[in-house]
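Q: model this:
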Amino acid sequence: MKIILDAMGGDLAPEAAVLGAIDAARDFGAEITLVGRSEEILEVMRKNGINDLPAGMEIAGADDVVDMHDDPGTVIHKRKNSSMVIGLRLLADGQGDAFVSAGSTGALLTGATLIVKRVKGIRRAAMAPAMPNKKGGNTVICDCGANAECTPEFLLQFGLVGSAYAKKKLGIENPRVGLLNIGTEDSKGTQLQRDAYALLTDAANRGLLNFVGNVEARDVPLGEVDVVVCDGFTGNVLLKSIEGTAMFMGSLMKKVFKKNVFSKLGYLLCSSGVKQMMKLMDYHEIGGTQLLGIKKPVIKAHGASDRLAFRNAVKQAMDAAQNDITQDLEQALALLAKSREQTND
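A: Numbering: from 1, shown residues only. Model (predicted):
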């Protein structure tokens, strides 16, 4: 299995990307193609006392880099020699099984859509992280930032995409799908939510997914659903709010434990559990988010990814390639189209 890695994307590139990739090759046996400025990649290796790339690793030269301020719509043409664009083309040409980048989200989404292409029938690719919940499982948030403006049809597809992902990746046989809203009643929300509710309900009646209705934001970390459907703007606010709350609670716990000698002793007794809990929400441990709806796995790593985060992003890319949901999505969309045709007849 070969993973293509954008060595120049991210705040800490190329050092974090190169060293993280080398760790992944060593720890997971991954074959990795580093795409970027060859001399800068080699300089990182020399600086860290690494004389040769591990077996299975190689460098694909790319002279240019996508800037975070570049217009996503022009990247393919104006930055055609960039590490991101060249890496996506390598993936599209079959020279790798998955692609990882910590570069611009907009540019990556546009590039993946136009170069690697969407799964047949998918209107928009979506970002769908799996967040840990109170019940010990994970809740997929679809979409969490790729599509700020959506139509009801997009949200219906996010439900199908998220459901397929939860089945294949998380092993949930019949994922509960909920629509993020300001209340559980079917009359709640804007016209977008009300229309999407009707489409999701219809799809559930056709047996295409297990739609359980509207859910409020607080229901997501509580694990009331396995997949929460929302537009990218709302999903991103939800995701960042959960992350911020987790960071706040973590800092609050530290203050409590440092209060006196007795609380410090208490921390020593439960420190391993606290650290394990904090890892669940740490993007360094998670690695990144897959763009669902693209023909081949594309992983968006956090812009501030360090060595550990890139290592784990490669692992996530390997898992995504092994649990490819392309065929599942095509089948779900084909069933939706067929059932609609039968209704029209």
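Q: Go through the helix or strand residue 46 falls within and flag the buried ones.
A: Element membership for residue 46 (DSSP states H and E) is helix 38-47. Of all the residues in helix 38-47, those buried under the rule 16 or more other Cβ atoms under 10 Å are 41, 44, 45. C-beta coordinates here come from the backbone N, C-alpha and C atoms, glycine included.
Q: Equivalent analysis for stretch 239-252, please.
A: 239, 242, 246.
Q: and the helix holding residue 46, what does it pack onto?
A: helix 15-28, strand 57-61 (3 or more Cβ pairs under 8 Å, 6 or more residues apart in numbering; DSSP states H and E).
Q: List the contacts of it.
A: Contacting residues not belonging to helix 38-47 are listed as 7, 8, 14, 15, 18, 19, 34, 51, 53, 59, 61 [Cβ atoms under 8 Å, 6 or more residues apart in numbering].
Q: list the contacts for residue 68?
A: Residue 68 touches 103, 104, 303, counting by Cβ under 8 Å, 6+ apart.
Q: how about the buried residues of stretch 239-252 in JSON lines, adding distance to residue 196?
A: Listed next are the buried residues of stretch 239-252 as JSON lines, based on distance: Cβ to Cβ, whole Å:
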{"residue": "239", "distance to residue 196": "19"}
{"residue": "242", "distance to residue 196": "22"}
{"residue": "246", "distance to residue 196": "28"}
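Q: which of the helices and strands packed on helix 38-47 sits most buried?
A: Of all the helices and strands packed on helix 38-47, helix 15-28 has the most neighbours on average by mean count of other Cβ atoms under 10 Å, namely a mean of 22.
Q: So which elements touch whichever helix or strand comes after that helix?
A: Using DSSP H and E, the helix or strand that follows helix 15-28 in sequence is strand 31-36. Other elements packing on strand 31-36 under the criterion 3+ Cβ pairs under 8 Å, 6+ apart are strand 2-6, helix 15-28, strand 57-61, helix 83-92.
Q: Show me what the next helix or strand after the last one packs onto, helices and strands only.
A: It stands for helix 83-92. Counting by DSSP H and E, the next helix or strand C-terminal to helix 83-92 is strand 98-101. Here strand 98-101 touches strand 2-6, helix 83-92, strand 298-301, helix 307-322, going by 3+ Cβ pairs under 8 Å, 6+ apart.
Q: So for residue 143, which of the ones you listed sits nearest?
A: strand 298-301 (12.1 Å; Cβ to Cβ).
Q: Provide the contact partners of the closest one at residue level.
A: Contacts for strand 298-301 (Cβ under 8 Å, 6+ apart): 9-10, 88, 91, 98-102, 105, 108, 112, 116, 127, 287-291, 309-310, 313, 316-317, 320.
Q: Could you rerun that using 7 Å?
A: 10, 98-102, 105, 108, 112, 116, 127, 287-291, 309-310, 313, 316-317, 320 (Cβ atoms under 7 Å, 6 or more residues apart in numbering).
Q: before we move on, what about stretch 7-17?
A: So stretch 7-17 is in contact with 5, 18, 34-37, 40-41, 44, 65-66, 83-84, 101-103, 301, 303-307, 310, going by Cβ under 7 Å, 6+ apart.
Q: Select only the buried ones of these in ChimeraX?
A: In ChimeraX, a selection of the buried entries from those looks like this (16+ other Cβ under 10 Å):
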select :5,18,34,35,36,37,41,44,65,66,83,84,101,102,103,301,303,305,306,307,310
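Q: The stretch 51-200 of the chain: helices as residue ranges?
A: 75-78, 83-92, 105-111, 152-170, 191-205 (DSSP state H, counting those that start in this stretch).
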